[in-house]
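>>> Give me a model of this one.
(chains A and B)
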Protein chains: 2
Amino acid sequence: MEEKVQTLTEKCSKTILSVHDAMDILNGRWKITIIGALFLGKMRFTDLLREINGISGKMLSRELKDLEINQLVTRTILNTQPIGVEYELTEYGRTLENVLKALSAWGTDHRKRITGK
Amino acid sequence: MEEKVQTLTEKCSKTILSVHDAMDILNGRWKITIIGALFLGKMRFTDLLREINGISGKMLSRELKDLEINQLVTRTILNTQPIGVEYELTEYGRTLENVLKALSAWGTDHRKRITGK
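Down below sits the predicted model:
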């Protein structure tokens, strides 16, 4: 019986696929910044807008919506005057901690290596 | 003396910056696949071209050049007939292992959560 020759990328294709899945969730200019800010605690939309330098309201709204769809962030309407909207990382969102730690540690070493500081 | 109020993103801006640094290195459709293949051992250009489904020679060449510039991959010309070119992860390239493991583990869980398998 002829044995099917498996290509290297077939062998590790599941791993590669899952790495791409994770990267897709984190991609875009702002998602990591928003998740990073929310790791420090829940925040109102207006706070996030103030804290994140350079983001527009429209962009923040869109990125938060994406994160909500992926169940990483919850959105709560506050019964305040004027009405406030609060965002918080879900328990699931918090599972990104190890991923961000690994990326951050490597990124820090890489920057040192490239810039010497 | 007035104390400067530090924004949240300033507090964690170094972490966010370093995460973005790492993501930038890994971004693009093919880099993770190429690195993944090279984790299994050194490979010739023609082998990589055959193993990585759908990549063009031009694209493979460009992505390998990027990885070489970032000191993740070495390129060795082999004294064979016809001349071959071999690529290998550097020791530094191998330091990406933890990053890829963390991304892969999270990506696998995320896929299970979204697709139920």
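>>> Report the rounded mean pLDDT for the top helix by length along chain A.
Selection of the longest helix in chain A by residue count, based on DSSP state H, yields helix A:97-115. Helix A:97-115 shows a mean pLDDT of 88.
>>> Name the residues of that helix that are buried.
Using 16 or more other C-beta atoms under 10 Å in any protein chain shown as the burial criterion, the residues of helix A:97-115 that qualify are A:Val99, A:Leu100, A:Ala102, A:Leu103, A:Ser104, A:Ala105, A:Trp106, A:Gly107, A:Thr108, A:His110, A:Arg111. C-beta: built from backbone N, CA, C; applies to glycine.
>>> Please convert these to TSV, extending it with distance to A:Glu88.
Output for the buried residues of helix A:97-115, formatted as TSV (distance: C-beta to C-beta, whole Å):
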residue	distance to A:Glu88
A:Val99	19
A:Leu100	17
A:Ala102	23
A:Leu103	22
A:Ser104	21
A:Ala105	26
A:Trp106	28
A:Gly107	26
A:Thr108	27
A:His110	31
A:Arg111	30
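>>> and the residues you listed near chain B, which?
A:Val99, A:Leu100, A:Ala102, A:Leu103, A:Ser104, A:Ala105, A:Trp106, A:Gly107, A:Thr108, A:His110, A:Arg111 (C-beta under 8 Å from any C-beta of the partner chain).
>>> for chain A, which spans come out with low pLDDT?
Of all residues in chain A, those with pLDDT under 70 make up the ranges A:1-12, A:117.
>>> hmm, try it at 50
Counting by pLDDT under 50, the low-confidence segments of chain A come to A:1-2.
>>> can you give me the helices in it?
Counting by DSSP H, the helices of chain A are A:8-11, A:13-26, A:31-39, A:45-51, A:57-69, A:91-94, A:97-115.
>>> Using CSV, write down the CA coordinates of the longest one.
Written as CSV, here are the backbone C-alpha positions of helix A:97-115 (Å, rounded to 0.1, in the frame of the first residue of the first chain):
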residue,chain,number,x,y,z
GLU,A,97,-2.9,37.6,29.1
ASN,A,98,-0.4,34.9,28.3
VAL,A,99,-0.4,35.7,24.6
LEU,A,100,0.1,39.4,25.2
LYS,A,101,2.9,38.6,27.8
ALA,A,102,4.7,36.4,25.3
LEU,A,103,4.4,39.0,22.5
SER,A,104,5.4,41.8,24.8
ALA,A,105,8.5,39.9,26.2
TRP,A,106,9.7,39.0,22.7
GLY,A,107,8.9,42.5,21.3
THR,A,108,10.9,44.1,24.2
ASP,A,109,13.9,41.9,23.5
HIS,A,110,13.6,42.5,19.8
ARG,A,111,13.6,46.3,20.2
LYS,A,112,16.7,46.1,22.4
ARG,A,113,18.4,44.0,19.8
ILE,A,114,17.5,46.3,17.0
THR,A,115,18.0,49.7,18.7
